[in-house]
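Participant: just need the structure, nothing else, for what follows:
(chains A and B)
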Protein chains: 2
Amino acid sequence: MPHEPHEPQVPRVPRVPHVCQVPHAPQVPHVPQVPHQAGPLLMKVLCSAVEASSTHVETNTRARALYRDAKGEILGAALESFGEERRVRARGGVILTTGGFVLNDEMLTRHAPLAHRCSLRVAATGDDGSGIRLGIAAGGDTLHMDALSVSLPITQPWGLKRGILVNRHGQRFINEDTYYGRLGESALLQHGGQAWLIVDHEIFEQPEYMEQIAAAGETIAEIEQELSLPEGSLQSTVTVYNRHAQEGEDPIFKKSSDYIKPIARPPFGAIDCTTEEALYAVFTLGGLRTDPTGHVLDPEGQPIPGLYAAGRSTSGLSVGGYSSGLSLGDGTFFGRRAGRAAAARSTSKS
Amino acid sequence: MPHEPHEPQVPRVPRVPHVCQVPHAPQVPHVPQVPHQAGPLLMKVLCSAVEASSTHVETNTRARALYRDAKGEILGAALESFGEERRVRARGGVILTTGGFVLNDEMLTRHAPLAHRCSLRVAATGDDGSGIRLGIAAGGDTLHMDALSVSLPITQPWGLKRGILVNRHGQRFINEDTYYGRLGESALLQHGGQAWLIVDHEIFEQPEYMEQIAAAGETIAEIEQELSLPEGSLQSTVTVYNRHAQEGEDPIFKKSSDYIKPIARPPFGAIDCTTEEALYAVFTLGGLRTDPTGHVLDPEGQPIPGLYAAGRSTSGLSVGGYSSGLSLGDGTFFGRRAGRAAAARSTSKS
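Facilitator: Below you'll find the predicted structure:
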């Protein structure tokens, strides 16, 4: 997935001369000027800040359990590293920033089974739900464990947004130029992961993340038949779309006029956007319930003293629908707040 | 809602001579032969059985808390009745059968906010989530707290199934003769509670649970315009539908041929099925996680000794989509299993 790699990428040279022009955001100073991806830069800055601080970092170490006293206050954690266990006391508190649970098959089956149909799980190795379970075991509430981010990257190259995405009823269901996370959520969760991008000779380009052509033909009727869509359904959809596309409009789903053209020039084709063939990239959004300081709350909404969480191990900003970058807010903004709250707690206790 | 009343109903005389015939299920001995509703009979039988037993029943009594020992075994409950509190010890176990949480505004906002848009909450007075919270406080896990049953009863009188239900894009999205719980879930959760039932002169009857006519006109184009649907969208939907309806078919959504006729005879009309005007009847489906004996499980899947649950306070059979009667299974079948398991535990302890 374009926004989630762990390796820096070589800047990509556009391969397709007729890709549509999209206006760039104005370059204001707080936007990092890096080729394509800001993630590696962000990690570099964060890691340097940690290195320059007095923070003690231990890698290859797993938290096995949390300790609490009779009142429910979190006192510390049991850690394990290469088979050796030891206990550490928390001065201010424990902050869980352990990611989501997309690598935990059993939790997925229980909470969000459709995730199993996605071909790519977007994850760091720690996204196994263990941190969320530590929080639950300490009395933490969870929220929206069913929520998923599902990306279907049909929008690269961008020119493909000029195609129309249809479901197994031959109907359009979304504006094709929307965020690919919204495309994927809708295609998987509302349309059973059965979708096809209909293009004509002028629109077709080789998609970057999908390879299969599900149908090709000289008429839309042929495409309809090859995809086993109900007779007349796709033809009618294309007819209505084209009628408005001639005016540069999409009154049904409000696609930008930059990406509207009639689908009229044979041959026609259908790019396979089903879960069986296309790249669906998934990660979980639900997790521990926190207040805005990152304090983990119990089911009555009361904070669990000394327990904080941030990032994908919480039910954060994005449970209502993911958008690229929201994890940064859940991770850094609320992580900072949690850190400050725990530090303040440490001061007030000493 | 037709299947959830607390009062017996007078048998209903069909008002409409041309209502479609639906074959009756064969009358086998274990189907109670009662007019229209089996619920009151079922409650009568169950209450008689309780009265005939040595069971001690206390009404007007609220469980305030559960007690457990250091190992997490549930020992009993704190009860309150008319301001007086007392503690009872459980011999075999505590079984929570306290309903769902549709009357708890705060829990709805947190877990299933769309429920707030429904005009009718299907509930007994106890559906306030308090039993589920008792179970959580005792360490119980929850599942699918986001799941809702949402009924949109457009199918009474049954002849209205011959209309077509369209969303704000002027598209059909479901077979109109399906279970009204499936209609409501789809209309609310996938189409934003914005739907209209399109009928013609021959189909129109006064719906039993909806009153508003959103549009009327001599052509489908007029209806489209009055509903502010995208130009051509509804006309195209009706054209495709009619083309197959002439053959008695619905290849797109597979409605039964009993309910298929072209929408062709003016005047045409649109019955308002939006959440603003129509009856949407909602209750919650998520709750405590149990094993098949009704034992409440913790987040690691381990049973909490002495704690059982059944019915709508659990995440039961129906979280993937409600169907009339499923609550009976969640209530009686799993209630019986929980009772037996708790009784067996009582015997094995003594």
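Participant: so who does the residue in the stretch 51-200 of chain A that chain B sits nearest to touch?
Facilitator: In the stretch 51-200 of chain A, the residue found nearest to chain B is residue A:136; the distance is 4.5 Å by CB to the nearest CB. C-beta: built from backbone N, CA, C; applies to glycine. With CB atoms under 8 Å, 6 or more residues apart in numbering or on different chains as the criterion, the residues that contact residue A:136 are A:142, A:288, B:141, B:299.
Participant: could you redo the last one with a cut-off of 7 Å?
Facilitator: Residues near residue A:136 by CB atoms under 7 Å, 6 or more residues apart in numbering or on different chains: A:142, B:299.
Participant: now it, what's its secondary structure?
Facilitator: helix (DSSP: H, G, I helix; E, B strand; the rest coil).
Participant: residue B:338 versus that one, what's the distance?
Facilitator: Taking CB to CB, to the nearest Å as the measure, residue A:136 and residue B:338 are separated by 23 Å.
Participant: for residue A:75, what are phi and psi?
Facilitator: When read as degrees, to the nearest 10, the backbone of residue A:75 gives phi -100, psi -30.
Participant: that one reaches residue A:89, doesn't it?
Facilitator: Yes. Taking CB atoms under 7 Å as the contact criterion, residue A:75 and residue A:89 are neighbours in contact, 6.3 Å apart.
Participant: out of those two, which sits in the busier spot?
Facilitator: In this view residue A:75 and residue A:89 are compared by other CB atoms under 10 Å in any protein chain shown, and residue A:75 has more residues nearby, 16 against 8.
Participant: leaving out the residues flanking it, which one is nearest to that one?
Facilitator: residue A:67 (4.5 Å; CB to CB, 6 or more residues apart in numbering or on different chains).
Participant: for that neighbour, report the pLDDT, please.
Facilitator: Predicted confidence (pLDDT) for residue A:67: 95.
Participant: helix, strand, or coil at it?
Facilitator: Secondary structure for residue A:67, judged by three-state DSSP, is strand.
Participant: was I right about it contacting residue A:79?
Facilitator: No. The pair residue A:67 and residue A:79 fails to qualify as a contact (CB under 7 Å) at a distance of 11.3 Å.
Participant: low pLDDT regions in the stretch 201-350 of chain A?
Facilitator: Counting by pLDDT under 70, the low-confidence segments of the stretch 201-350 of chain A come to A:349-350.
Participant: tell me where it has strands.
Facilitator: Taking DSSP state E, counting those that start in this stretch as the criterion, the stretch 201-350 of chain A carries its strands at A:213-217, A:268-272, A:281-284, A:287-288, A:295-297, A:303-309.
Participant: near chain B, anything from the last one?
Facilitator: Spelled out, it's strand A:303-309. No. Where contact is defined by CB under 7 Å from any CB of the partner chain, no part of strand A:303-309 touches chain B; the two come within 12.9 Å at best.
Participant: just the shortest one next, same as before
Facilitator: No. With CB under 7 Å from any CB as the measure, strand A:287-288 is seen stopping short of chain B, the closest distance being 11.5 Å.
Participant: now do that strand: everything it contacts.
Facilitator: Contacts made with strand A:287-288 from outside it, assessed by CB under 7 Å, 6+ apart, are listed as A:96, A:100, A:132, A:135, A:140, A:142, A:296, A:309, A:312-315.
Participant: just the second one next, same as before
Facilitator: Contacts of strand A:268-272 from elsewhere in the structure, counted by CB under 7 Å, 6+ apart, are A:196-200, A:204, A:207, A:210, A:212-217, A:220, A:223, A:227, A:278.
Participant: direction included, what does it pair up with?
Facilitator: According to DSSP bridges, the neighbouring strands of strand A:268-272, each with its direction, are strand A:195-199 (antiparallel), strand A:213-217 (antiparallel).
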